[in-house]
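Chemist: Take this sequence and fold it.
(one chain, ligands or ions: 1)
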Amino acid sequence: MKIDGKHYLTIWHNENEDNVCIIDQTRLPFEFIIKKLNTYQDGFVAIKDMLVRGAPLIGATAAYSIYLAAKENENFDYINEKITNIKTARPTAVNLAWAADRILKNIDRSNIKNSILNECKKICEEDIKISESIGNHGLELIKKIKKEKVNILTHCNAGWLATIDWGTATAPIYKSRDAGINIHVWVDETRPRNQGSSLTSYELLNEEIEHKIIADNTGGLLMQRGMVDMCIVGTDRVSENGDVANKIGTYLKALAAKDNNIPFYVALPSTTYDKKILKGKDIPIEERSDDELKLMNGFDQDGKLKQINIYPKNSKGFNLGFDITPAELVTGFITEKGIFKPEELRENF
Ligand code: MRU
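Modeler: Next comes the predicted model:
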């Protein structure tokens, strides 16, 4: 996708310096900063501190972190230890463990470093194809909405910034725009980290897609008023039965969509489907620091970036990163292979 008219991927191998470049998402939408990852630890911290986030991008960064470990020491036991370690950086998105295990499976012991680098590149190339294919299948759904303007509601950022390109939930939106459909997006702010207002809106602005940011509690009323035609969200992990782990607040949108008879779709790359976990209640849910609730970033009157505390000094917060939307609230999954109902996933993946 484009920033200021220039096409960027969210992660890439920098051949000249043999390191890895990412876009530091903690600085967006205020500053566009490309950060170089030089060591395994740089990669681990980038995932843990959310310089990169979003399930597919976390997976790709984990893979590249293992490559950076191999640059430090090409000993197989050292690399294997880092493969185990990187899985602890963030627990909910299954793409992290998926990518680490894929690297392990494909290591060529006679050419460790290069075989890991090749696999990292393949993971990224495949992810772009998967997202684009999700976009094409989602477009077919959106085409069926016969309205002058189609209103899509999305939560968090399941966009280009959460993948390598296109995004998952945003891919059908970009494809619809390219197909000439008049599309408007309701962007949930997505407290506490505001991935909607700071990342999704940033992407849509740069791609010139009409959108409005709404407070997380607004979606229900918009649905009651007929102002939402379809919800499309991403996911961090889907269990075997089709329960969906996604950014906290997704479940409430699915409930409101059900109550208002609005289709609720989940954009699901096969890399995020976890057949080993049978039900959503067994998906590990990340608990993060309450600093994310009480500290806000923004520009002051003089245009300087500042962080402020919005809570009473001694109040404590409780900050769960994800929730589980039961399969019965999901109208369908938009995957790279087509659209499936929850009960159809197991036979198709
Ligand atoms: O905590 P985050 O920002 O990593 O959470 C991201 C989400 O919940 C996304 O919706 C999900 O990873 C899907 S991204 C294609």
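
Chemist: And the residue of the stretch 1-150 of the chain that's closest to the ligand?
Modeler: Nearest residue of the stretch 1-150 of the chain to the ligand: Arg53, at 3.3 Å (CB to the nearest ligand atom). Placement of C-beta: from N, CA and C, glycine included.

Chemist: hang on, that residue is in a helix, isn't it?
Modeler: No: counting by DSSP: H, G, I helix; E, B strand; the rest coil, Arg53 is not found in a helix; it is coil.

Chemist: Chain neighbours aside, what residue packs nearest to it?
Modeler: Gln25 (6.1 Å; CB to CB, 6 or more residues apart in numbering).

Chemist: got it, and Gly280?
Modeler: Asp243 (2.6 Å).

Chemist: so who does the one you found touch?
Modeler: Lys279, Gly280, Lys281, Ile283, Ile324, Thr325, Pro326, Ala327 (CB atoms under 8 Å, 6 or more residues apart in numbering).

Chemist: Can you pull out the low-pLDDT segments for the chain?
Modeler: Under the criterion pLDDT under 70, no range of the chain is flagged.

Chemist: give me the element the closest residue to Phe264 other than its chain neighbours is part of.
Modeler: Leaving out its chain neighbours, the residue that sits closest to Phe264 by CB to CB, 6+ apart is Ala257, at 4.0 Å. Using DSSP states H and E, Ala257 maps to helix 250-259.

Chemist: Please state the offset of that helix from the chain centre?
Modeler: On the basis of CA atoms, centre = their mean, to the nearest Å, helix 250-259 sits 20 Å off its chain's mean C-alpha point.

Chemist: can you tell me if stretch 186-204 touches the ligand.
Modeler: Yes: using CB under 6 Å from any ligand atom, stretch 186-204 reaches the ligand at Gln195.

Chemist: hmm, I was thinking of stretch 160-175
Modeler: Yes: Stretch 160-175 is in contact with the ligand by CB under 6 Å from any ligand atom, via Ala162, Thr163, Thr168.

Chemist: Just name the closest of these to Lys247, please.
Modeler: Closest approach between those and Lys247, by CB to CB: Ala162, at 10.0 Å.

Chemist: mind listing what the closest one touches?
Modeler: Listed by CB under 8 Å, 6+ apart, the contact partners of Ala162 are Arg53, Gly54, Ala55, Pro56, Leu57, Thr168, Leu199, Gly234.

Chemist: Tell me the backbone dihedrals of it, please.
Modeler: Backbone torsions of Ala162, given as degrees, to the nearest 10, read phi -100, psi -10.

Chemist: now it: how far from Glu336?
Modeler: According to CB to CB, to the nearest Å, Ala162 and Glu336 sit 16 Å apart.
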